[in-house]
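Student: would you be able to build a 3D model of this:
(chains A and B)
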Protein chains: 2
Amino acid sequence: MNEGPVISVLGLGLLGASFCMELEGKYRRAGWSRNPENRRKAMEKGVVEFTVDTPEEAFAAGDIIVLCLPIPVIMEYIRKYASYMKPGAVLTDIGSVKGVIEQAALENPGVHFIGSHPMAGTEKNGFDNAFKGLYHNADVFVVPPPGAEEADIVKVEEMWQKIGTRTTRIDSKNHDELVAGTSHVPHILASATTLGVLDVPEEERITRFSGCATGFRDSSRVASSSPVMWREIVEQNTTAVLTALTELRKHLDEFENMVRNGDFDGFEKKFAKGKELRDQWIRWKKY
Amino acid sequence: MNEGPVISVLGLGLLGASFCMELEGKYRRAGWSRNPENRRKAMEKGVVEFTVDTPEEAFAAGDIIVLCLPIPVIMEYIRKYASYMKPGAVLTDIGSVKGVIEQAALENPGVHFIGSHPMAGTEKNGFDNAFKGLYHNADVFVVPPPGAEEADIVKVEEMWQKIGTRTTRIDSKNHDELVAGTSHVPHILASATTLGVLDVPEEERITRFSGCATGFRDSSRVASSSPVMWREIVEQNTTAVLTALTELRKHLDEFENMVRNGDFDGFEKKFAKGKELRDQWIRWKKY
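Tutor: Numbering: from 1, shown residues only, chains lettered A, B, ... in the order given. Got it, this is the predicted structure:
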């Protein structure tokens, strides 16, 4: 494949490298990573078609540039390197918070920027955990800043659709509020659940371990995610996270009051409502 | 296999039928279900060796009787049918709360009763969802009431060990406090998480659906469990559930305050502590 548009991917961690694997046969693929070892491995394993040596070159190499980097680095690189993009190229990223990244892009009105957020990932990270299939069945939010050009939006949407994901357009504010509830707060809860159960003196801990089974395993899975990454995400989305926590607490308080007051008919009805909504979603998502 | 002790299993739902599948080739297996259709299917599929027609016969048939029934039914059957047990037989059960069940057994001091709680299950239920392997790698709490005979305890422990589970002895009070944290509260949280995200007007819900991915799927999985079953479990363990909720809230409040006050170094450190504890458990459990 020596013709057609080049996708230039900066960052070859879990999301970046898995993304490159999906692009194979669909787009030409340039790669760059802050870690030279990942660049070498990506070439060796055919994850990218060619690598470049600097972020400047990576920005210059693509018809679409995809920043698969931590949020603060995405913001920094947009500010530093967007001017290296070739005419007609579009810049996008995979950051979990879109408002602050969009702000960084809007500082330079000449930049063709469209935010993306693929709802995909695991509790692991890094090149070695990347795999083809991470994006299968994923929903991707495409987040155009105010005044974005339709042609740019479509170019980014088509890229995601070509690798088999489903795209939804949304603005950055609604996006950030939404994922605060669906993703950011569940990460905090998973960590609080783990700590509530296992943060006990070591001699008690083994008995606690025996009491943790598949329910706990799944409820707490994302507590094993990267602390630095989740700090960066929550730090850039505090208002929405606090609002989503309030929403969660409303339901938690209701359950707790029902238990305290012995209202188990109410408890059963509320739990049944949660089951109905989750089962609806599972059918829709086709998991 | 026409000799050796008979395990008589009352209740052929997810846990009962899956348990019978594990017993095959290790014990003789009698089965009874409140649902005649499940008795027929269990015979047809070789899940049991023979079925009986009444709970009285089921209590009389076993060297070990295992009640795989909802908690209120377990309590009712112990009271009604324990007198049908043959001399030397031991009664056990798989209920998720041990205090109230033990109380029911202690009302008749002649009954040889040892509680069990296998930490196994899925969000599904019923005979048709049963499968061999449900108990693989499971931990089982063996919960002797005060004054229990060592020989009875060992008989029950051996049964669980023979199907490949790991047993831990614990008293009912410590058991109920422990699983309130590791299992009961996580079910309430999963439901609250689901409701916090999806209990919105229908026109908004599809966008919310798009924002729910594998993290949400796992965090909320047990919200799809049976509302009746979870009502019965929580109803029989209110004090411990309220205590475990307080423990959870302590950590949730700390996270929330860190977000509100912008203490993201603290946030990262606390999240890292949760990750460390969960990763320790995963290594111990060998998931």
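
Student: where's the residue positioned nearest the centre of chain A relative to residue A:45, distance?
Tutor: Compute the mean C-alpha point of chain A, and by CA atoms, centre = their mean the closest residue is residue A:96, 4.5 Å away. Plainly put, residue A:96 is 26 Å away from residue A:45 if you go by CB to CB, to the nearest Å. Where C-beta positions appear, they are placed from N, C-alpha and C, glycine not excepted.

Student: what segments of chain A are strands?
Tutor: For chain A, applying DSSP state E gives strands covering A:6-10, A:28-32, A:50-51, A:64-67, A:90-93, A:115-118, A:139-143, A:166-169.

Student: with distance to chain B added, can I get those in JSON lines?
Tutor: Shown next, in JSON lines, are these (distance: least, CB to the nearest CB, whole Å):
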{"stretch": "strand A:6-10", "distance to chain B": "21"}
{"stretch": "strand A:28-32", "distance to chain B": "24"}
{"stretch": "strand A:50-51", "distance to chain B": "29"}
{"stretch": "strand A:64-67", "distance to chain B": "19"}
{"stretch": "strand A:90-93", "distance to chain B": "17"}
{"stretch": "strand A:115-118", "distance to chain B": "9"}
{"stretch": "strand A:139-143", "distance to chain B": "4"}
{"stretch": "strand A:166-169", "distance to chain B": "5"}
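
Student: just put the ones you listed in JSON lines and tack on mean neighbour count and mean pLDDT.
Tutor: JSON lines is the format used below for the strands of chain A (neighbours: other CB atoms under 10 Å in any protein chain shown; pLDDT from 0 to 100):
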{"stretch": "strand A:6-10", "mean neighbour count": "26", "mean pLDDT": "98"}
{"stretch": "strand A:28-32", "mean neighbour count": "25", "mean pLDDT": "97"}
{"stretch": "strand A:50-51", "mean neighbour count": "18", "mean pLDDT": "96"}
{"stretch": "strand A:64-67", "mean neighbour count": "27", "mean pLDDT": "98"}
{"stretch": "strand A:90-93", "mean neighbour count": "26", "mean pLDDT": "98"}
{"stretch": "strand A:115-118", "mean neighbour count": "25", "mean pLDDT": "98"}
{"stretch": "strand A:139-143", "mean neighbour count": "24", "mean pLDDT": "97"}
{"stretch": "strand A:166-169", "mean neighbour count": "16", "mean pLDDT": "97"}
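
Student: out of the ones you listed, which comes closest to residue B:144?
Tutor: strand A:139-143 (50.5 Å; CB to CB).

Student: what does the closest one contact?
Tutor: A:98, A:102, A:114-119, A:153, A:156-157, A:160, A:165-172, A:175, B:210-211, B:213 (CB atoms under 8 Å, 6 or more residues apart in numbering or on different chains).

Student: burial measure for the closest residue to residue A:216 other than its chain neighbours, as a count.
Tutor: Leaving aside its chain neighbours, residue A:216 sits nearest to residue B:182 (5.2 Å; criterion: CB to CB, 6 or more residues apart in numbering or on different chains). Using other CB atoms under 10 Å in any protein chain shown, residue B:182 is surrounded by 24 other residues.

Student: before we move on, what about residue A:162?
Tutor: For residue A:162, using other CB under 10 Å, the count is 13.
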